[in-house]
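**Student:** Sequence unavailable; structure follows:
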């Protein structure tokens, strides 16, 4: 019987390597560890080798991290010439064997490296953190975007909605998670423990977050909800200290007033649409009296857009009045409606990122409000204006299809009227 000399030699190399001990003492460079993980050594000792590489990466300098990503981007790139040859051969004779070769050649080797890195306990969180570094380095090294596309491709698979777990966040949630809710709140800052309690403890306040089984203590995204009797026109009133809580049974409206993404390393991987759908289903079951589901949303790019319109013959004077705190409420509401319904990016999608998110989920622009957010941030980004997006469960699918296929923005009739109304040439002077 022929002996397997290859396996014996490989095991000897693995267990008899004084200069390259496994673990944190392994002296090899990050690129060398990558090559080992992709080779026969990775087949035999993949998990400890992957753990070693991740530990070494975490302790590396920025220059070492850049060298690591450049190795992935260059040395582990696909072979375009070989891929082209296979594609031509497959076009001439499409058989299963060629298809298999073509599929393998079309995948950069760095994707397999990332899969092998994702084996040890805690590796998924480490790779999410690794992408934070990559996104930072891409700004000065745009060629690394090829590697980032592979990160996104795999992270979308690993964070498939089927793996996500929806959990209610309340006052009994472990403190280690509550601390992260405070830290990750990106829309309306949570000032202190009392502020957090006001948002979680009363029965007319709810919070829900998505978690991944491999990151059980790390929220991916969370939404804060207020149960009310009417659609609110002000975040200041909604978060008022000392208000009287409403009995959940008396609530008729669920208000999504803050949605915060928590993981920078998962940028470009959207969970929000699924979060809203699942939370709506959860609330409809727990609070059967709810009749409407709306948001009270910020308008983060309104003033930035108005700054580009100051020379416009139709709305320039009104835009200057808003930016100079000299406009009346109706002028601000009119400009806000125009912005939400007409301001677009070069690709034709809405200029406002929050609008893109909710309209893409099938919501409609239901109403706009002046003096809705008097915080410094609210004044800076939208002169205090806010918007309600309505999730009418009978219309969300139709609205989504219209927006996705034709760019149609669903909006209430009075919002369209506001957007089309003429604006006073010098708003506050005419009121004098």
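**Tutor:** Here it is on my side, so go on. Because the structure is predicted, anything quoted here is derived from the model rather than measured.
**Student:** From now on I want contacts and neighbour counts done on CA atoms only, so please keep to that.
**Tutor:** Fine.
**Student:** any idea which helix or strand comes after the lengthiest helix in the chain?
**Tutor:** In the chain, ranked by residue count with DSSP state H as the criterion, the top helix is helix 40-58. Later in the chain than helix 40-58, the nearest helix or strand by DSSP states H and E is helix 62-74.
**Student:** and that next one, what other elements does it pack with?
**Tutor:** helix 30-38, helix 145-158 (3 or more Cα pairs under 8 Å, 6 or more residues apart in numbering; DSSP states H and E).
**Student:** how far is the helix or strand following it from where the chain is centred?
**Tutor:** Counting by DSSP H and E, the next helix or strand C-terminal to helix 62-74 is helix 80-92. Remark: helix 80-92 is offset 37 Å from the chain centroid, using Cα atoms, centre = their mean, to the nearest Å.
**Student:** Show me what the helix or strand that comes right after helix 80-92 is in contact with.
**Tutor:** Next in sequence after helix 80-92, counting helices and strands by DSSP H and E, comes helix 96-105. Applying Cα atoms under 8 Å, 6 or more residues apart in numbering, the external contacts of helix 96-105 come out as 78-79, 82-83, 86-87, 89-90.
**Student:** Let me know the next secondary structure element after helix 96-105.
**Tutor:** helix 109-117.
**Student:** which secondary structure elements does that next one contact?
**Tutor:** Using 3+ Cα pairs under 8 Å, 6+ apart: helix 109-117 touches helix 30-38, helix 40-58, helix 145-158.
**Student:** let's see it at 7 Å
**Tutor:** Using 3 or more Cα pairs under 7 Å, 6 or more residues apart in numbering; DSSP states H and E, the elements in contact with helix 109-117 are helix 40-58.
**Student:** buried set for the helix it packs on?
**Tutor:** 41-42, 46-54, 56-57 (16 or more other Cα atoms under 10 Å).
**Student:** from those residues, which single one is nearest residue 362?
**Tutor:** residue 54 (40.8 Å; Cα to Cα).
**Student:** Relative to residue 148, how far out is the closest one?
**Tutor:** According to Cα to Cα, to the nearest Å, residue 54 stands 17 Å off from residue 148.
**Student:** Which parts of the host helix or strand of residue 178 count as buried, going by neighbours?
**Tutor:** Per DSSP H and E: residue 178 is located in helix 175-184. By neighbour count with 16+ other Cα under 10 Å, helix 175-184 contains the buried residues 178, 181-182, 184.
**Student:** before we move on, what about stretch 352-362?
**Tutor:** Residues 352, 354-356, 358-362 are the ones in stretch 352-362 that count as buried (16+ other Cα under 10 Å).
**Student:** roughly how far is that stretch from the heart of the chain?
**Tutor:** Using Cα atoms, centre = their mean, the offset of stretch 352-362 from its chain centre is 13 Å.
**Student:** what pLDDT, on average, does that stretch get?
**Tutor:** Averaging pLDDT along stretch 352-362 gives 94.
**Student:** neighbouring contacts of the longest helix of the chain?
**Tutor:** 23-24, 30, 33, 36-37, 65, 116-117, 119-120 (Cα atoms under 7 Å, 6 or more residues apart in numbering).
**Student:** got a markdown table for these, with neighbour count and distance to residue 106 too?
**Tutor:** Shown next, in a markdown table, are these (neighbours: other Cα atoms under 10 Å; distance: Cα to Cα, whole Å):
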| residue | neighbour count | distance to residue 106 |
| --- | --- | --- |
| 23 | 15 | 33 |
| 24 | 14 | 34 |
| 30 | 21 | 25 |
| 33 | 21 | 24 |
| 36 | 19 | 22 |
| 37 | 25 | 20 |
| 65 | 20 | 26 |
| 116 | 21 | 18 |
| 117 | 26 | 20 |
| 119 | 16 | 23 |
| 120 | 17 | 27 |
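**Student:** closest to residue 189 among those residues?
**Tutor:** The nearest member of the contacts of helix 40-58 to residue 189, counting by Cα to Cα, is residue 65 at 33.0 Å.
**Student:** Output the lowest mean pLDDT helix or strand found in the chain.
**Tutor:** helix 5-15 (a mean of 44; mean pLDDT, DSSP states H and E).
**Student:** which non-adjacent residue is nearest residue 73?
**Tutor:** Ranked by Cα to Cα, 6 or more residues apart in numbering and with sequence neighbours excluded, the top spatial neighbour of residue 73 is residue 147, at 5.6 Å.
**Student:** What's the separation between that neighbour and residue 75?
**Tutor:** For residue 147 relative to residue 75 (Cα to Cα), the value is 11 Å.
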